[in-house]
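1. Attaching a predicted model along with its sequence, questions to come.
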Amino acid sequence: MTSQPQPVDTAPARRPLFADWLAHSNDVTSVFLAAGQNPDLVNLAGGLPEPALWPVEELAELAAEAVRNHPTETLAYGPIPGLPALRDLIAQRFSAPGLELSRDNVLITTAGMQALELVGKVLLEPGATIAAQSPAYLGALDAWMPRAPRYRPMRIGADGFDPHRALAGAQFAYTVPNFSNPSGRLVTLAERHALVEAAHDTGTWLVEDDPYGVLYYDGNPLPRMLTLSAARAPGRYDGPVVYMGSLSKELTPGLRLGWVIAAPEMIAALATAKQGSDMCSSGLSQMLALGAFRRRIPERILPQMLATYRERRDALCDALQTHLAGHLDWQRPAGGMFVWARARDPRLDSDRLLHRALAQGVCISPSSVFDPEGLDRGAMRLNFTLNPPDRLEEGVRRLAAAIHATLEEG
Ligand SMILES: Cc1ncc(COP(=O)(O)O)c(C=O)c1O
């Protein structure tokens with residue numbers, strides 16, 4: 001018996017659908033990427049450091065030395081939680097009177113973004129609650145979006161804010177106490193104490209995300225919530241604060257090098273999650289971080305960084321005062337990278353303004369992307385670290401033109 005030839009199905013095979021959460025992501029990133037093609041654009045939207053501050057020669061020396069003399073640590077797969085020497089160094093660097101840390105308290109991560117993602121992986125079931133400082137860092141919202149959490153906004157410092165009520169029943173609370181991204185706000189010492197007390201009393205994990213902790217332009221650094229928490233339970237740290245640090249702002253972002261300091265049980269859980277993410281952070285980056293800390297490079301470049309960014313912060317705020325005092329309210333931040341400006345006229349929608357601003361040659365971050373619900377359209381985040389003072393002034397001039405045009409449109 002001869003078999004009949006089977007008809008060939010020429011219709012293209014249907015591919016499986018993308019996961020649901022992708023439909024909820026915002027399109028601002030693609031707007032920014034497209035805007036980046038315009039060489040004359042004044043970018044006030046990003047959170048980028050000034051590349052001229054990077055210690056390129058010293059890092060090149062350290063990289064060559066690491067590859068030649070430490071090929072295993074640099075080029076092989078490494079231990080999941082990080083190179084032991086770097087974990088020890090971070091433990092030592094962050095130990096303080098009353099805060100006892102060992103290697104088991106430290107996880108090396110592929111910068112701060114991975115730390116955020118791993119916390120989501122180990123703590124969130126779909127629908128779980130995050131008590132998040134409001135407005136919230138867009139990268140954190142992006143990192144947790146696939147886990148479909150619910151958000152309970154924390155307006156720290158607002159009348160009636162009650163940390164115990166905010167934290168009770170949440171899987172974790174998320175804060176950026178030093179010069180929050182996007183608001184630039186510094187969480188006061190009293191507010192830090194109150195959040196730490198609430199975390200201890202309710203048992204809720206308290207995430208302290210701290211990439212801007214060295215960028216104080218005015219005044220002395222406030223104590224970390226990690227340190228305040230340790231004072232409540234002496235001995236090796238085992239408390240509820242999950243502290244996140246990163247080299248992105250104090251050295252260079254391209255190393256993708258960060259760390260988590262937390263109770264050993266949290267570090268072990270995060271390491272299990274990290275195994276399924278990237279197995280280990282780059283050995284070359286870890287060796288560069290180790291070398292940079294040993295040579296005290298972050299401490300040496302800090303004074304120049306602070307002087308540069310302080311001047312730029314003042315230039316941006318002065319330009320806002322000159323060109324936009326009648327339209328926007330803002331506060332001069334005491335550190336960090338951002339000014340948060342709110343429109344006085346409720347008709348000024350910053351999503352719409354973004355498109356007008358791009359047409360004028362300036363890019364801003366609209367407030368909707370820092371709101372888990374996407375509803376706040378009355379404010380914007382302005383970055384001052386990337387551009388020199390004259391470009392900041394030009395950017396604000398263009399922004400003023402865009403604001404006038406948007407208001408005239410009605
Ligand atoms: C509050 C906050 N957390 C985390 C990050 C992540 O930074 P990185 O992954 O470069 O360490 C940023 C970056 O801008 C940030 O502003």
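-> That came through, no problem.

2. Can you tell me what sits against stretch 209-225?
-> With contact meaning C-beta atoms under 8 Å, 6 or more residues apart in numbering, stretch 209-225 is reached by 112, 115-116, 137, 140, 174-179, 181, 186-189, 192, 195-196, 206, 208, 241, 243-246, 248-250, 298, 302, 305-306, 309-310, 313, 334-337. Quick note: C-beta positions are derived from backbone N, CA and C, even for glycine.

3. how does it look with 7 Å?
-> 112, 137, 174-179, 189, 192, 195-196, 206, 208, 241, 243-246, 248-250, 302, 306, 309-310, 313, 334-337 (C-beta atoms under 7 Å, 6 or more residues apart in numbering).

4. chain center to that stretch, what's the gap?
-> Per C-alpha atoms, centre = their mean, to the nearest Å, the displacement of stretch 209-225 from the mean C-alpha position of its chain is 14 Å.

5. That stretch and the ligand, are they touching?
-> Yes - Stretch 209-225 is in contact with the ligand by C-beta under 6 Å from any ligand atom, via 209, 211.

6. thinking again about what came up before, same for the ligand: which of the contacts of stretch 209-225 are within range?
-> By C-beta under 6 Å from any ligand atom, the members of those lying near the ligand are 112, 137, 176, 246, 248.

7. Just list the residues touching the fourth one, thanks.
-> Residues in contact with residue 246 (C-beta under 7 Å, 6+ apart) are 111, 112, 211, 258.

8. In ChimeraX, how would I select the buried members of those?
-> Burial among these is assessed by 16 or more other C-beta atoms under 10 Å; the matching ChimeraX selection reads:
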select :111,112,211,258
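
9. Kindly reformat the contacts of residue 246 as a markdown table containing secondary structure and pLDDT.
-> As requested, these are exported to a markdown table (DSSP: H, G, I helix; E, B strand; the rest coil; pLDDT from 0 to 100):
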| residue | secondary structure | pLDDT |
| --- | --- | --- |
| 111 | helix | 98 |
| 112 | helix | 98 |
| 211 | coil | 98 |
| 258 | strand | 98 |
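
10. now the contacts of residue 246 in TSV, with distance to residue 360?
-> Below are the contacts of residue 246 laid out as TSV (distance: C-beta to C-beta, whole Å):
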residue	distance to residue 360
111	33
112	32
211	30
258	36
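
11. so what's residue 179 up against?
-> By C-beta under 7 Å, 6+ apart, the neighbours of residue 179 are 186, 212, 215, 333, 335, 336.

12. Which residue, neighbours along the chain excluded, lies closest to it?
-> In space, and not counting its chain neighbours, residue 179 is closest to residue 336: 2.5 Å by C-beta to C-beta, 6 or more residues apart in numbering.

13. if I look at that neighbour, how far off is residue 378?
-> Going from residue 336 to residue 378 by C-beta to C-beta, to the nearest Å gives 21 Å.

14. on that earlier part again, in ChimeraX, how would I select just the buried ones from the contacts of stretch 209-225?
-> With 16+ other C-beta under 10 Å as the criterion, this ChimeraX line picks the buried residues out of the contacts of stretch 209-225:
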select :112,137,174,175,176,177,178,179,192,195,196,206,208,241,243,244,245,246,248,249,250,302,309,310,313,334,335,336,337
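
15. Quick one: mark the members of the contacts of stretch 209-225 that sit in strands.
-> Applying DSSP state E to those, the entries found in strands are 174, 175, 206, 208, 241, 243, 244, 245, 246.

16. ok, so what distance separates residue 85 from residue 130?
-> Noted for residue 85: a distance of 34 Å to residue 130, by C-beta to C-beta.

17. Show me which of those two is the more surrounded one.
-> Neighbours per residue, other C-beta atoms under 10 Å: of residue 85 and residue 130, the larger number sits with residue 130, 26 against 14.

18. Can you list phi and psi of the more buried one for me?
-> Residue 130 adopts backbone torsions of phi -110, psi 130, taken as degrees, to the nearest 10.

19. swap in residue 15?
-> Main-chain torsions, residue 15, degrees, to the nearest 10: phi -80, psi 150.

20. Could you check the pLDDT of it?
-> We have a pLDDT of 92 for residue 15.

21. What is the neighbour count of it?
-> 6.

22. and the longest helix seen in the chain, how far out from the chain's middle?
-> Assignment by DSSP state H gives helix 297-324 as the longest helix of the chain. Here helix 297-324 is found 19 Å from its chain centre; the criterion is C-alpha atoms, centre = their mean.

23. helices or strands up against that helix?
-> Under the contact definition 3 or more C-beta pairs under 7 Å, 6 or more residues apart in numbering; DSSP states H and E, helix 297-324 sits against strand 338-343, helix 389-409.

24. Buried residues, the longest one. List them.
-> Along helix 389-409, these residues count as buried under the neighbour rule (16+ other C-beta under 10 Å): 391-403, 406.

25. Need those residues in TSV (columns: distance to the ligand and pLDDT).
-> Shown next, in TSV, are the buried residues of helix 389-409 (distance: C-beta to the nearest ligand atom, whole Å; pLDDT from 0 to 100):
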residue	distance to the ligand	pLDDT
391	20	98
392	19	98
393	24	98
394	24	98
395	19	98
396	22	98
397	26	98
398	24	98
399	21	98
400	26	98
401	28	97
402	24	97
403	25	96
406	27	92
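
26. Quick check: residues of this protein near the ligand?
-> Residues of the chain lying close to the ligand by C-beta under 6 Å from any ligand atom are 47, 111-113, 137, 139, 176, 181, 209, 211, 246, 248, 253, 258.

27. Below-threshold pLDDT in the chain: ranges please.
-> Within the chain, the stretches with pLDDT under 70 are 1-5, 7-9, 25-26.

28. Show me where it has its strands.
-> Here the chain has its strands, by DSSP E, at 42-43, 106-109, 129-133, 150-154, 172-175, 205-209, 241-246, 258-261, 328-329, 338-343, 362-363, 365-366, 379-383.

29. And the furthest pair within the ones in strands among the contacts of stretch 209-225?
-> The most widely separated members of the ones in strands among the contacts of stretch 209-225 are 206 and 246, with 18.0 Å between them, by C-beta to C-beta.
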